[in-house]
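Engineer: quick check, what structure comes out for this input:
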Amino acid sequence: MLVKSWLLVEYLRKEGNRNFHRLILEAWCGVELEVDHLVTRQFGLKCDYHDKKVEFLVNSTFEQKLQFLKKVKAVSTEEFKLIHAFQERRNTFFHALGPAKRATLSKEERLHIMDEAVAVTKLCIDLVHRQNA
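Structural biologist: Okay, the predicted model is just below:
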């Protein structure tokens, strides 16, 4: 699933600045989904959103899941920081002050943030592959 998200994110990045909002949202969807998969796999479960055993895990906050993955060393401190930074940036743009903040971004800032989104999406793919190895 995430490979498809990553390909879409890569395509949107190549299309440039006009896809800023969609790229950030697509990247975030992929990151959230794969973090759910990483967490449930720590317990030997599949990420089935209809499974009552998985419900508690996937209904935890993203921050709780990310902290858990760091604690069990499924993600390194550096990987945690990259994902967390993207989470905070995404939250800034799509909650509360988001519209006003997005409107003031320069083209260069948007492109930098888009590059960050692509990198974090790719990182999550690598984390899943590492866990499957």
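Engineer: show me what contacts Asp51?
Structural biologist: Going by CB atoms under 8 Å, 6 or more residues apart in numbering, Asp51 touches Leu45. Glycine gets a C-beta too; all of them are placed from N, C-alpha and C.
Engineer: can you point out the buried residues in stretch 37-54?
Structural biologist: 37-40, 47, 54 (16 or more other CB atoms under 10 Å).
Engineer: report the two of those separated the most.
Structural biologist: Using CB to CB, the pair of the buried residues of stretch 37-54 lying farthest apart is Leu38 and Val54, separated by 12.7 Å.
Engineer: isn't Lys65 up against Asp36?
Structural biologist: Yes - Lys65 is in contact with Asp36 according to CB atoms under 8 Å; the separation is 7.1 Å.
Engineer: quick check: neighbours shared by the two?
Structural biologist: Leu57.
Engineer: what residues sit buried inside the top helix by length along the chain?
Structural biologist: The residue-count maximum for a helix in the chain (DSSP state H) belongs to helix 107-132. Neighbour counts over helix 107-132 (16+ other CB under 10 Å) mark 110, 113-114, 116-118, 120-124, 127-128 as buried.
Engineer: same question for stretch 66-73.
Structural biologist: Buried-residue list, stretch 66-73, by 16+ other CB under 10 Å: 66, 68-70.
Engineer: what helix or strand is the most centrally placed residue in the chain on?
Structural biologist: Central residue of the chain (CA atoms, centre = their mean): Val31, 2.4 Å from the mean position. Using DSSP states H and E, Val31 sits within helix 20-41.
Engineer: what about Ala74, which SS state?
Structural biologist: coil (DSSP: H, G, I helix; E, B strand; the rest coil).
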